[in-house]
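**Q** task: produce atomic coordinates for the following.
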Amino acid sequence: MASPDEGSVVVAAAPPVFAAPSAPRVAVAQVDDVPRGRGVAVTVHGREVVVFRVPSQKQRQGLGDTWYALDRHCYHAGGPLDLGDIEDMDGPCVKCPWHQYTISLATGAAVYQALDDGCSGAAAAAQERRYVVKAKGGGPHQRTHHCVVENGTVYVTLSEGPESCKSDYYSSDEFHTIMGKNKQP
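**A** Below is the predicted model of the structure:
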């Protein structure tokens, strides 16, 4: 029997609402090239992207992994997200290795943990400290891209829309000029 990743279409995170793919999808890796629970840096039409393979919590039921694609450089200061750790904060997130910023793999939103402020005073003192996950305002900070697996090959389609994300800067000509990089196809 084939594994859940072979021969089936596995749709990962849906592109964000503003997504309007303007370029065709690109084969970026084979399933076995991306370790479970990690990210791998790839280049899609000159844009640096990281593909994540997140083990499904329902894998025992025969469901496959979930795949995500985001801009490779963290929106905050350009940290390499392919070196970040995946954490579960009401959904899979990646923690940037440089400054510990946490980003939702599904939406690109910046997330953080905060104390639950549902009660105050004596009730709060008696209550155990409880943390909740919150998204920072201002829309997605990290651009997400469409990622699918077909017959063991991982494909990414860039999502570019009228709305900008903070991570777009790290794909700009200005950034590449400053860094002395040449964009790769």
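**Q** from Ile86, how far off is Glu160?
**A** To Ile86, Glu160 is 25 Å away according to C-beta to C-beta, to the nearest Å. (Glycine included, C-beta is placed from N, CA and C.)
**Q** following the element among helices and strands of the chain having the smallest mean pLDDT, which helix or strand shows up next?
**A** Using mean pLDDT, DSSP states H and E, the weakest-scoring helix or strand in the chain turns out to be strand 10-11, at a mean of 42. Once the chain leaves strand 10-11, the next helix or strand it forms, by DSSP states H and E, is strand 26-30.
**Q** so what strands line up beside that next one?
**A** Sheet pairing for strand 26-30, assigned by DSSP bridges, gives strand 153-157 (antiparallel).
**Q** tell me which residues in the partner strand are buried?
**A** 154-157 (16 or more other C-beta atoms under 10 Å).
**Q** for this protein, give me the ranges with low pLDDT.
**A** 1-22, 57-63, 113-139, 162, 182-185 (pLDDT under 70).
**Q** all helices of this protein, in order?
**A** For the chain, the helices defined by DSSP state H cover 121-126, 173-179.
**Q** what is the most widely separated pair among the buried residues of strand 153-157?
**A** Comparing every pair within these by C-beta to C-beta identifies Val154 and Thr157 as the most remote, at 11.5 Å.
**Q** what do the two both touch?
**A** By C-beta atoms under 8 Å, 6 or more residues apart in numbering, Val154 and Thr157 have these common neighbours: Cys147.
**Q** give me the number of residues near Glu87?
**A** 13 (other C-beta atoms under 10 Å).
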